[in-house]
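Peer 1: how would this look folded up:
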Amino acid sequence: MTQTSGSAQPSHAEGPTPPVAKKVPTTREHHGDVFVDNYEWLRDKESSEVVEHLKAENAYQEAVTAHQEPLREAIFQEIKGRTQETDLSVPSRKDGWWYYTRSVEGKEYGIHCRVRAANSGDPVADWTPPAVEPGVELQGEEVLLDGNAEAEGKPFFSVGGTAVTLDGNLYAYAVDNSGEERFTLRIKDLRTGELLPDVIENIFYGVAFSPDGTRIFYTVVDDSWRPYQVKSHVLGTPVSEDEVIYQEDDVAMWLGFELSSDRRYLVLSIGCSEFSETRLLRFDDYDAGLSTVISRDERILYEAEPFLLDGADGQKAETILLTHNKDAINSMVSIADPAELARPLAEQHWRTVVEHSDAVRVNGAGVTSTHLVVAVRQDTIERVQVLPLAGLGTAAQGAAVEPAFDEELYTAGVAGSDYEAPVIRIGYTSFFTPSRVYDFVLPTDALPNGELLLRKESPVLGGYTASDYVATREWATAADGTRVPLSVLRHASLKQDSTAAGLVYGYGSYEVSMDPGFGVARLSLLDRGIVMVIAHIRGGGELGRRWYDDGKKLNKKNTFTDFIAATDWLSQSGWVAPERIAAMGGSAGGLLMGAVANLAPEKYAAIVAAVPFVDALNTILDPELPLSALEWEEWGNPITDPEVYEYMKSYTPYENIRAVSYPRIAAVTSFNDTRVFYVEPAKWVQVLRSETTGTAPIVMKIEMEGGHGGASGRYVQWRERAWDYAFVADSLGAVELLPGAGLKQRSR
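Peer 2: The predicted structure follows:
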């Protein structure tokens, strides 16, 4: 008998009964394989029946987890109690102004401000940010955008890009009020405070003005949410007349743009995870149109930036900076004369700047007027190096200089640079060092190693002391003998007596690395005696390009088995009781959660899967769905390749649920997520409940007004994180604070 959506499932156990969606069989057939899907009808988000079912899921989740509310509130208050709510970012200089963002206690969103910069003739002094204080307005402070005023009366608020003209007179900002990542662009005249009549709807991330301030560039997505057009709007003209600078028709390629560092060019980046193409537009020869640096037909993954380099004759020569993987799996840095690029690739002469290394992954490079700035990763750690432009690519090239930090596990990355600045801005954090902002004074003859200037360390209130916690690097051994790096975090007072609770977190896709970073919310778990393991599994980028390649496409299962190896390491570490381990991951990490739930459900007491990509095969088989075609470079193309189809079908969570005792599972999602549709977890939990032989509750929490990142306000986001962590802590029986742990005081 077919049941209607939202009806109760018979239960012999006392307590709330989960909603049961009706079964409407849909048949999928590919490569001779037939799959019957009973819940595909839940994809229709316009259906009132679907909406009512989702509301019933929320009601069930609320009933099942109601007893966790005091714990959620405690964790929320701990996050709030450690956060300086009235705060501000370190000002960043752009042209003649310092730009920064204020946050105010009780308000959800940031307030974007600026003050005028001075030019004294002392470069380092002129690039030293003004001393700004929380809650204290600077003389001459201008408010560019008050997110709280913009968000008033709106269900969601997010800024997708801002830009200011070179003269500082016009300010463009893009706002999303739905969570769907489609933005409305508006332009404010900062001299009058008035909005220009130019309003552009449905743009994607990223906006930029031309150097003369007469045009603004923006990106548009197609029906499958892929950025495919870069357009130019001439201020004061109808939006309907906006020019398409470039349109990318290959559904497997992503499109973006930026200005070159010296702002002489518009740089278009077209690519996937395996090869790319850069096209350039000269602002001083706009009508000449776009030129291609290296054709995608060469199948090279590269980034290119034009800049002016002093030649041996003292004249500035047009040069192309290339960060590329030509004969270099971990990438390298070269420079080339533009004339070389007109020749066949095999005949081109490029000058090597940073050689290839099997041990060092080159992640990117850029220029200032005096230095090359390179981002590299070695031994899982991201770091920054700078080289003088003088002599670049010749025997006279100077040695790389790297800012030195004193922790073993940390993250350092370029957080901003300006072409003419004598400094670069560096962001720094570690697991227990709150985020720091440094300015690194670029090396000179008088200062050959440069100088690291601390501009700010984010305050942590509540009596936080870094020495209360410990972070170590450990290694798990996968079934094939591969050593998998782990970051293991715990409270310093914990005893290694095999009684504690543990949480394993992972992602392992798209060459994304789970880098060390401070998290206030995470302290609430550690304070309750939970040992947290961040598993740097294959498919991520922590150990270079091969680490990524070994966890994608027909190697994807390595990602899942590495995570299970990390779990086994934790269960045998002497820290935790094996029956007290939970797992957590989001998005592609949610697919990971679904896969390990099927492979080793007995190893976990609970699993939290956020915006989980658990119906991956169905999604990727439909090129009309958002971003599906872009996924072929990550997972393979199951539409055209029977081997890929069979391999994916053997691991995708939704299609591999079986009759075993599943642990407690929470699927957390958003109704307006455009990257992983809510329908994936909605279908997944239905089949999990019908197949599990156990009695542990399986719930779905859906944010009806959020996107891929959940709801938008900071207090709402803190409550969402508190929900996730309370679910884990309650499931592991780790709800009480360790003696002496927790907030030491309620600072303000």
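Peer 1: Report the beta-bridge partners for residue 324.
Peer 2: residue 302, residue 332 (DSSP bridges).
Peer 1: List the contacts of it.
Peer 2: 300-303, 331-334 (C-beta atoms under 8 Å, 6 or more residues apart in numbering). (Glycine included, C-beta is placed from N, CA and C.)
Peer 1: Using JSON lines, lay out these together with pLDDT.
Peer 2: Formatted as JSON lines, the contacts of residue 324 follow (pLDDT from 0 to 100):
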{"residue": "300", "pLDDT": "97"}
{"residue": "301", "pLDDT": "97"}
{"residue": "302", "pLDDT": "98"}
{"residue": "303", "pLDDT": "98"}
{"residue": "331", "pLDDT": "97"}
{"residue": "332", "pLDDT": "98"}
{"residue": "333", "pLDDT": "98"}
{"residue": "334", "pLDDT": "98"}
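Peer 1: now the helices for this protein?
Peer 2: Counting by DSSP state H, one finds helices in the chain at the ranges 48-64, 69-82, 123-126, 147-151, 520-526, 545-549, 557-571, 588-599, 616-620, 632-635, 642-649, 679-691, 714-731.
Peer 1: Export the ones you listed as CSV, with columns for distance to residue 34 and mean neighbour count.
Peer 2: As requested, the helices of the chain are exported to CSV (distance: least, C-beta to C-beta, whole Å; neighbours: other C-beta atoms under 10 Å):
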stretch, distance to residue 34, mean neighbour count
helix 48-64, 25, 18
helix 69-82, 44, 19
helix 123-126, 69, 14
helix 147-151, 48, 17
helix 520-526, 44, 23
helix 545-549, 32, 19
helix 557-571, 24, 24
helix 588-599, 21, 26
helix 616-620, 13, 24
helix 632-635, 21, 21
helix 642-649, 11, 17
helix 679-691, 17, 22
helix 714-731, 37, 21
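Peer 1: any idea how far residue 657 is from residue 552?
Peer 2: 24 Å (C-beta to C-beta, to the nearest Å).
Peer 1: Could I get the pLDDT score of the closest residue to residue 124 other than its chain neighbours?
Peer 2: Spatial nearest neighbour of residue 124, excluding adjacent residues (C-beta to C-beta, 6 or more residues apart in numbering): residue 422 at 5.6 Å. Note on residue 422: pLDDT of 96.
Peer 1: What's the local residue count around residue 422?
Peer 2: 22 (other C-beta atoms under 10 Å).
Peer 1: With the one 4 residues further on instead?
Peer 2: Using other C-beta under 10 Å, residue 426 is surrounded by 24 other residues.
Peer 1: Any idea what it is bridged to?
Peer 2: In beta-bridge terms (that is, DSSP bridges), residue 426 pairs with residue 414, residue 438.
Peer 1: show me where pLDDT drops low in this structure?
Peer 2: 1-14, 86, 626-627, 674, 706-713, 745-748 (pLDDT under 70).
Peer 1: hmm, 80 instead?
Peer 2: Applying pLDDT under 80 to the chain flags the ranges 1-14, 85-88, 179, 312, 623-630, 673-676, 705-714, 745-748.
Peer 1: residue nearest the centroid of it?
Peer 2: The centroid of the chain falls nearest to residue 512 when counting by C-alpha atoms, centre = their mean (8.2 Å).
Peer 1: So that one is in contact with residue 536, correct?
Peer 2: No: in this structure, residue 512 is not within contact of residue 536 by C-beta atoms under 8 Å, at 10.7 Å.
Peer 1: Straight-line length of stretch 489-498, end to end?
Peer 2: The first residue of stretch 489-498 is 16 Å away from its last residue (C-alpha to C-alpha, to the nearest Å).
Peer 1: I misspoke; the intended subject was stretch 278-293.
Peer 2: With C-alpha to C-alpha, one end of stretch 278-293 sits 6 Å from the other.
Peer 1: Residue 22: how many residues sit nearby?
Peer 2: Per other C-beta under 10 Å, the neighbour tally for residue 22 reads 17.
Peer 1: same question, the one 3 residues further on
Peer 2: Residues lying near residue 25 (other C-beta under 10 Å) number 11.
Peer 1: residue contacts, residue 373?
Peer 2: Neighbours of residue 373 in contact, by C-beta under 8 Å, 6+ apart: 365-367, 384-386, 414, 417, 424.
Peer 1: Over to residue 82?
Peer 2: 460-462, 464, 520, 523, 743.
Peer 1: and if we set it to 7 Å?
Peer 2: Applying C-beta atoms under 7 Å, 6 or more residues apart in numbering, we find residue 82 in contact with 460-462, 464, 520, 523.
Peer 1: Around the closest residue to it other than its chain neighbours, how many other residues sit close by?
Peer 2: Of all residues not flanking residue 82 in the chain, residue 462 sits nearest, at 4.3 Å (C-beta to C-beta, 6+ apart). Using other C-beta under 10 Å, residue 462 is surrounded by 19 other residues.
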